[in-house]
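K.L.:
Model the following, please.
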Amino acid sequence: MAEPGEFELIARLFAPLAKGQPGALGLTDDVALIDLPPGRSLAITTDALVAGVHFRPEDPPDRIAQKAVRVNLSDLAAKGARPIGLLQAVAFPIGIGFAWIEAYAKGLGQDLDRFNVPLIGGDTVVTPGPFTVTITALGEIETGRALLRSGARKGDRIWVSGTLGDAALGLMVLKGGLAQLDAESKAHLVARYQLPTPRLELGRALRGLANAAMDISDGLVGDLAHIGATSRLGAVIEQDSLPLSPASRAALSADRRLIDQVLGGGDDYELLFTADPDADPAFKALSGRLGLPLTAIGRMVEGEGVRVVDAAGDPVAVTMTGYRHL
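P.N.:
Coordinates of the predicted model:
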C-alpha cells in the first residue's frame, strides 16, 4: 500500500489536533482566523528546530514533537501570555516512513491536550535534508501588560524558576558522558533535555510583580546579558545561589568544572526575571502556591555585561557564555 501523501497526512494525523477550533477551519484552508476581544493583544513567537542542531536525529519522534511545542510555549510563558493556538511547518526527510510520522503526530497531540492549545494551521513538506519543524505559537494577553526584557531596574533582584543545568547535562548523558551517575539521575537529566516544562502559570502570575522576564534557552549568562543590554544595565550572579537538582549536584560533586554547563549550557527553558526586592514575600508565596522553586540568584547593577562571583564576592571565570546560533 502506498504511503499517504501530504493532504492525507494532514487529514489523518494533524486535522484532529485542531480540536474543533472554528478559526482553524479544520486545517482545510490556507489561513486560520483569530478573533481577539477588545483590550487584548496577540503575542506571536516562532522557533525552528533542526535535527542534529536542536535535538539528536535518533531521539524518539514523540519527544521531538513535544520539545518543539514546549520551547515555543515557553516564549509565551515568558511574556505572561495565554496560548491560543499553534501553527506547524514541518519538513519530513524523504523515506522517513509513516510509522515515524504517526509517532510524531501522537506526541504532538498529547502535548496539545496537556497544554490545552489547538493546532490551527501550518504546512507539511518532504526534504532531502534533515528533519526540520518550525512552530509558530500564538497567545493573548491584556494590552500593555506583557513582560519584556527591557524593564529591569538598577537594584532589582534576579530570579530563576526551577533548577538550572539539567538539560545541558542531560545532553552529555545522551552523548555517553557522566557515567558515574546512577540510572535515575541520568533519566532525570535526559528528560529535562528532551521535555522542558513551559512555565505558563508562573508567567501569568509574574505580571505586575516582575519588571523584566525571558526564558532561558541559550544559557543563563547569555540570556541574562540580553536583559541587561535591553535594560542598559549590568548583572551580578552569585554562583553559590544557583538552584541545582540532586542529579546535577551529584554530577558537579564529581567534576566541579561542570558548573560551566549550569551557567552557559542552555535548553533549561526556565523563566529568568527581575523584580524589586520588596516583591520577595510575594515570590515566596507564589513559589509555595505553584509548588515550584523560585530562587534569587543575583542583582541588576550599573554598567554592562554579566559577572559571576563566589561567596566571598570574588569573580569567577566563565568559559561558556551561552549558545550562539550564527
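K.L.:
Now do the contacts for Asn72.
P.N.:
Asn72 is in contact with Thr45, Thr46, Asp47, Leu86, Ile135, Thr136, Ala137, counting by C-beta atoms under 8 Å, 6 or more residues apart in numbering. For the C-beta atoms, the positions are set from N, CA and C on the backbone; glycine is no exception.
K.L.:
The stretch 101-250 of the chain: strands as residue ranges?
P.N.:
Taking DSSP state E, counting those that start in this stretch to define them, one finds strands in the stretch 101-250 of the chain at 119-127, 132-142, 157-161, 212-215, 234-238.
K.L.:
which ones are touching Leu272?
P.N.:
Each residue near Leu272 by C-beta under 8 Å, 6+ apart is listed here: Ile158, Trp159, Val160, Ala213, Met214, Asp215, Ile216, Leu220, Asp223, Leu224, Ile227.
K.L.:
Please identify the helix or strand for it.
P.N.:
Using DSSP states H and E, Leu272 sits in strand 271-275.
K.L.:
which residues of the stretch 201-326 of the chain score low on pLDDT?
P.N.:
Confidence mapping of the stretch 201-326 of the chain against pLDDT under 70 gives the ranges 321-326.
K.L.:
domain ranges for this structure?
P.N.:
The chain resolves into domains spanning 6-142, 149-309 when parsed by automatic domain parsing.
K.L.:
and those, which is most packed in?
P.N.:
Greatest average neighbour count among the domains of the chain goes to domain 149-309 (a mean of 19), per mean count of other C-beta atoms under 10 Å.
K.L.:
Next, the distance between the ends of it.
P.N.:
Counting by C-alpha to C-alpha, to the nearest Å, you get 23 Å between the two ends of domain 149-309.
K.L.:
What of stretch 191-211?
P.N.:
Length of stretch 191-211, first residue to last, C-alpha to C-alpha: 31 Å.
K.L.:
Figure out how far that stretch is from the centre of its chain.
P.N.:
On the basis of C-alpha atoms, centre = their mean, to the nearest Å, stretch 191-211 sits 8 Å off its chain's mean C-alpha point.
K.L.:
quick one: contacts for the residue nearest to Arg207 when sequence neighbours are not counted?
P.N.:
Distances taken as C-beta to C-beta, 6 or more residues apart in numbering place Gly80 nearest to Arg207, at 4.4 Å, with adjacent residues excluded. By C-beta under 8 Å, 6+ apart, the contact set of Gly80 is Ile141, Arg145, Ala146, Leu147, Gly203, Arg204, Leu206, Arg207, Ala213.
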